[in-house]
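Peer 1: this is a predicted model, with the sequence first.
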Amino acid sequence: MPDAVASGITARRALPALVILGGLLYAAARLHDLPGEGRTLSLSLLLGLAFGIVLQRTRFCFYCMMRDYFEHRNALGLLGLVAALLVGTLGYHVLFGAFLPSPVPGRLPPGAHIGPVSWVLAAGALVFGLGMALSGSCISAHLYRLGEGAAASPFALLGALVGFGLGFASWNTLYLSAIQSAPVAWLPHSLGYGGSALLQTVLLGGIAWLLLRTHRSPTAPDGHPATECPSLTTLLTLRWPATTGGLLVALIAVLAYLRIAPLGVTAELGSIARTLAANGSLLPERLEGLDSFAGCATIIKNTLLSPNGAFVLALIGGAWAAALAAGQFRPQWPDWRAASRNFGGGILMGWGAMVALGCTVGTLLSGIMAAAVSGWIFALFCVAGAWLGWRLRVHVASRPRIG
């Protein structure tokens, strides 16, 4: 049998994927008919399903993009991220014009991830980047890799719960010392919508130019440059081009903000941690100012399913279906070193995401699309933390093992 046929989708792969997709679509239809938040939950589930498929098919992992560039100067992933930020920026600014026609100081667009700018944000982003490098993925990638059978990812997510708890414990001190007086900087306040969109386009264009100048094309096993040639046959079996992933992520992000809330994956995780800590009397009596900020908001859960919870569950389900269809669902139990590394990295990511009011999806992706200075600061220090963590892992791996 030719390799192309052997690698195609078989009925054994397609059937379980279709069952998962059908189940999620049925759940969305049932949720839509519920009173109250039913329609919001239904749309959240559908957007999460699409997001999970896109993440899995395009390997849209923030740390993987950075590591590819650090190690091999392969900039394709980062160029996909830049494409997402550019298209998302333009889409967000169109929506801003409808939501808030005049960007006067003192007013912010509803729900947008625009946070306070202080050293706490920088520290949270740096620690989050270190956690990504230690665990090998960002939080959103750990979620989609659950769908690929990555048995190390639950350790990272459990660690993130612990990290969120530590973040809640340290919040009041950090808030009173720095966050309370920190400015909430939004570019349209100073530049207007046109100037803000132009500045971000120039910045992102400059980043893309630098990446293209330093990019080294990956090579295929035969030694020739790898090419991305999507077709009907390869759509569900081979990785999609990074730029395609970026454009689809931007589309999902703009739709999510228009209909529900900005993209984010840590609100549900943080809410679970906050609820567990509250039930165990481990939270301070009052978390000063926390609920007044936009971002991946955490609450004490009183309901089983929230919009962000539906989004995250569908993300995992969508990634699972995509991985099954592509033959990339390969469960593998980690050894104790990998489990410990993921757990430790998860703690760092959880603390960083909590004090920075979001992660690479909420604060970086949605924040930069919203022209928030906090998004750019998070990106800068997150990349620095990821680079430091990557260098540390390279150094440790190069040391000879005793015995």
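Peer 2: Happy to help now that I have it.
Peer 1: pLDDT below threshold where in the stretch 1-150 of the chain?
Peer 2: Along the stretch 1-150 of the chain, the model assigns pLDDT under 70 to residues 1-11.
Peer 1: now the helices for it?
Peer 2: Applying DSSP state H, counting those that start in this stretch to the stretch 1-150 of the chain gives helices spanning 3-6, 11-32, 38-58, 62-72, 76-99, 119-135, 139-146.
Peer 1: switch those over to a markdown table; also include mean neighbour count and distance to residue 375.
Peer 2: Using the backbone N, CA and C atoms, a C-beta is placed for each residue, glycine as well. Below are the helices of the stretch 1-150 of the chain laid out as a markdown table (neighbours: other CB atoms under 10 Å; distance: least, CB to CB, whole Å):
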| stretch | mean neighbour count | distance to residue 375 |
| --- | --- | --- |
| helix 3-6 | 8 | 43 |
| helix 11-32 | 15 | 30 |
| helix 38-58 | 24 | 19 |
| helix 62-72 | 20 | 13 |
| helix 76-99 | 21 | 9 |
| helix 119-135 | 26 | 10 |
| helix 139-146 | 26 | 16 |
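Peer 1: for residue 261, find the nearest of those.
Peer 2: helix 38-58 (8.7 Å; CB to CB).
Peer 1: so for this structure, the centremost residue is which one?
Peer 2: residue 361 (3.3 Å; CA atoms, centre = their mean).
Peer 1: and stretch 146-165, how far out from the chain's middle?
Peer 2: 14 Å (CA atoms, centre = their mean, to the nearest Å).
Peer 1: next one: stretch 255-264
Peer 2: With CA atoms, centre = their mean, you get 14 Å for stretch 255-264.
Peer 1: shaky segments in the stretch 301-403 of the chain?
Peer 2: Applying pLDDT under 70 to the stretch 301-403 of the chain flags residues 301-304, 401-403.
Peer 1: show me where it has its helices.
Peer 2: Using DSSP H, counting those that start in this stretch, helices in the stretch 301-403 of the chain cover 307-326, 336-355, 366-369, 373-398.
Peer 1: and residue 326, how far is that from residue 156?
Peer 2: Residue 326 sits 23 Å away from residue 156, taking CB to CB, to the nearest Å as the criterion.
Peer 1: the two: which has the busier surroundings?
Peer 2: More neighbours surround residue 156 than the other of residue 326 and residue 156, with 34 against 21 (other CB atoms under 10 Å).
Peer 1: list the buried ones in the strand or helix carrying the more buried one?
Peer 2: According to DSSP states H and E, residue 156 maps onto helix 153-174. Buried residues in helix 153-174, counting neighbours by 16 or more other CB atoms under 10 Å, are found at 153-169, 171-172, 174.
Peer 1: who are the packing partners of that helix?
Peer 2: Helices and strands touching helix 153-174, by 3 or more CB pairs under 8 Å, 6 or more residues apart in numbering; DSSP states H and E, are helix 119-135, helix 139-146, helix 267-279, helix 336-355.
Peer 1: the longest one: which residues count as buried?
Peer 2: Meaning helix 336-355. So, applying 16+ other CB under 10 Å, buried residues of helix 336-355: 338-339, 341-355.
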